[in-house]
Every structure is written in structure tokens, then in C-alpha cells.
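>>> sequence plus predicted model, see below.
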Amino acid sequence: MPLINNDAEHDPNRILPLDYDWARDYYQAGVNNNWVPEEIPMQDDISQWNGTALSDAERQLVEWNLGFFSTAESLTANNIVLALYEYVTAPECRQYLLRQAYEEAIHTDTFIYCCDSLGFDPDYLYGMYERVPSIEEKDEFVVNLTRAINRPDFTIDTEDDVREFLRDLVGFYVIMEGVFFYAGFAMMLGLKRQNKMVGIGQQFEYIMRDESLHVGFGVDLINEIRAENPGVWTDEFGDEVTDLITEAVELEKLYAYEACPDEILGMSAEQFAEYVEHVADRRLGQLDLPEQYGTDNPFPWMSEQVDLNKEKNFFETQVTEYQSGGSLDW
């Protein structure tokens, strides 16, 4: 198990020669997508937030998404630094994990920037996961899925251990970053398309670009571990993973209906729920599991932001969509 086992096959302090070129590709793509939130002006957002440009439903949508993401990004960063990094010992994969941890810090800083710009009470914004049941349920679902690698006595010695580790990776990368984030992305980018909260919308665009790389890396990490441990991913375990993803979809759909109770400029809660199903089928396909929904994408304009199909062949062609600095051409 060279990818996740600290044995003689891998010296974690020696990155060359590379064994996993794909991990290096993700690192370089992340570097080329570098940005910081302070590069994005917020004055128009502040004026809209303090004025009458937004309906009550739109204001709730903004608050709930800022509230969910503000704590979710911290949960993600803690998982990488305090748990995942210990068990993934291939040095080129660790290099990307460090890059991802930096990006999670940028995302966390983004919500500090938004909170300060819009004048939120920090206790109000950062305590939303304790007050909004659908946000709390999503957070708790992921925490429960990543308990194995957070145990002080957890080791990777047997096939059952590897299976536990894979379950946690599915919870962390596929469900948290690959499903739970995407209804919020669609909501905030939908507002931006209507010239509302454009600064925050642009920051969500940058975050979504980062998260697409995170999900891609996580899926490739999972599939590499499967290839190196062929007896671990059984049909029964595949069924378990499918059940976890479909349960996550139900939680995300509940969040969509509560965060967006009324139709907002042509976007309805039903469409956000359909989009989550569409994304979930994409995630299942990435894990070579059967689709469960067959739902068309209700927001084809989302493909203009980060095409889900582009995630599939991202590393089959030369990367041209990314530029250094925070002035990406969308």
C-alpha cells in the first residue's frame, strides 16, 4: 500500500522520482489558479446589502450560504492538516494536500472578508450551523463520516482499515466538497448572473474552481488506493458508498428547499434539488458506480463557470483555463 502506508517503499521526504504524476498536475493547476479575496471589490455588494436591492428571500439565501461555507471550510482545513496528511505518505500527494490546505485558508479568509464587508455579527454568521437544522445536519453527517481517521488509535494495517479510510475519503471529498457545496455554488452564482452581490459571486467562482480540483484529486486518490488494494472495494462496499451519497443528496435537497423557499429570479428550490441530483450522478460515475437519478442539468449556465464534464477530462488536455493571479478570464 505505497500511497497510504509509511513503509520502506515510500520515503515521505523524497519527492523525486515521482510515482504519482497526477498529484503533481493537481498541484501545478492549483498554483496557476492562485487568488486572494481582497483582490475583489465589495463596494457594490455593500451598497446592495445595506439598501433595498435584495428581497428577503435573497438575503436569506446569502446569509445561509455564507453561514454554511464559513464553518465548512474550517472543517475541511482541519481534516486535511490534523488527519488526512498523516496517512497519505506519498510525498507528491502530500505536496498537493499542503496546497489544498493553503486554499482552504484562503477560503476561510474569504468569509472573514465577506463578514467584515457586510457588517455581520460574527457570532450570528459563524453560529448558523447551530441554529439552522439543515446546515447542522449536513455538518454532522460529514463529521460522522470522517471519525475513523480522527481516532488517535487509527492505523492502516488491514483491508478493513483501508476500507474505513476510503469511507472517510468519500465523506470528505465526494460528499462534503463534491455534493454539499454545489447547491450553494449554484445559488450564489445565480444571483451574480442577475448582477446581485457580484463581488461575493466572483469569490464563489474562484472557490468553485479550487473545489473542482479538490474533488478531482480526492477521486483520483480514492481510485488509486482501490487499484493498489483490489480486494477492498467490494460490491457491498460500493453499495454502501452509493447509499451514503444518496443520503447526502437528500440532506442537500432539504437545505436547498429551506435556503431558497421562494423562486428567485427564475431559480426555484426544485431546480437546485435537481442540480444536486445531477452533480451526485457525476460523482457516482467518477467512482465507477451506477447513476441513481438520470437528472438533466437545470442550470446549463453553470457549465460556463466550471463545466462538470471538464472535470472528467481536465488532465487529458493541456490546462488553458487557469492563469496566475486573481484575474482569471471567465
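Arrived safely, thanks for sending.

>>> low-confidence ranges in this protein?
Scanning the chain for pLDDT under 70 picks out 1-10, 265, 304-330.

>>> if we use 80, what do you get?
By pLDDT under 80, the weakly predicted segments of the chain are 1-13, 146-147, 150, 261-266, 303-330.

>>> find the centremost residue of it, please.
residue 177 (2.2 Å; Cα atoms, centre = their mean).

>>> pretty sure it sits against residue 211.
Yes: taking Cβ atoms under 8 Å as the definition, residue 177 is a contact partner of residue 211 at 5.4 Å. (Glycine included, C-beta is placed from N, CA and C.)

>>> buried residues, the helix or strand containing residue 25. List them.
Element membership for residue 25, per DSSP states H and E: helix 21-32. Neighbour counts using 16 or more other Cβ atoms under 10 Å place 22-27, 29-30 of helix 21-32 among the buried residues.

>>> OK, contacts around residue 69?
Residues near residue 69 by Cβ atoms under 8 Å, 6 or more residues apart in numbering: 107, 111, 181, 184, 207.

>>> show me which positions of the helix or strand in which the last one is found end up buried.
So that's residue 207. Per DSSP H and E: residue 207 is located in helix 198-228. Under the neighbour-count criterion of 16+ other Cβ under 10 Å, helix 198-228 has 198-222, 224-226 buried.

>>> same thing with stretch 146-161?
Applying 16+ other Cβ under 10 Å to stretch 146-161 flags 146, 148-149, 154, 156, 161 as buried.

>>> could I get it in PDB with only the CA atoms?
C-alpha atoms of stretch 146-161 as PDB (Å, rounded to 0.1, in the frame of the first residue of the first chain):
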ATOM      1  CA  THR A 146     -14.700  11.100   9.000                       C
ATOM      2  CA  ARG A 147     -14.500   9.800  12.500                       C
ATOM      3  CA  ALA A 148     -12.100   6.900  11.700                       C
ATOM      4  CA  ILE A 149      -9.100   9.000  10.700                       C
ATOM      5  CA  ASN A 150      -9.700  11.300  13.600                       C
ATOM      6  CA  ARG A 151      -9.300   8.500  16.100                       C
ATOM      7  CA  PRO A 152      -5.900   8.600  17.900                       C
ATOM      8  CA  ASP A 153      -5.500   4.800  17.600                       C
ATOM      9  CA  PHE A 154      -6.500   4.600  13.900                       C
ATOM     10  CA  THR A 155      -3.900   2.600  11.800                       C
ATOM     11  CA  ILE A 156      -4.000   1.300   8.300                       C
ATOM     12  CA  ASP A 157      -2.900  -2.300   8.600                       C
ATOM     13  CA  THR A 158      -5.700  -4.500   7.300                       C
ATOM     14  CA  GLU A 159      -8.200  -4.400   4.500                       C
ATOM     15  CA  ASP A 160     -10.900  -3.300   6.900                       C
ATOM     16  CA  ASP A 161      -8.700  -0.300   7.900                       C
END
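
>>> how far away from the center of its chain is it?
23 Å (Cα atoms, centre = their mean, to the nearest Å).

>>> how about stretch 142-149?
Remark: stretch 142-149 is offset 16 Å from the chain centroid, using Cα atoms, centre = their mean.

>>> how long is that stretch end to end?
13 Å (Cα to Cα, to the nearest Å).

>>> any residues touching it, and which ones?
Taking Cβ under 8 Å, 6+ apart as the rule, stretch 142-149 contacts 75, 79, 83-84, 86-87, 154, 164-165, 167-168, 170-172, 175-176, 180, 244.
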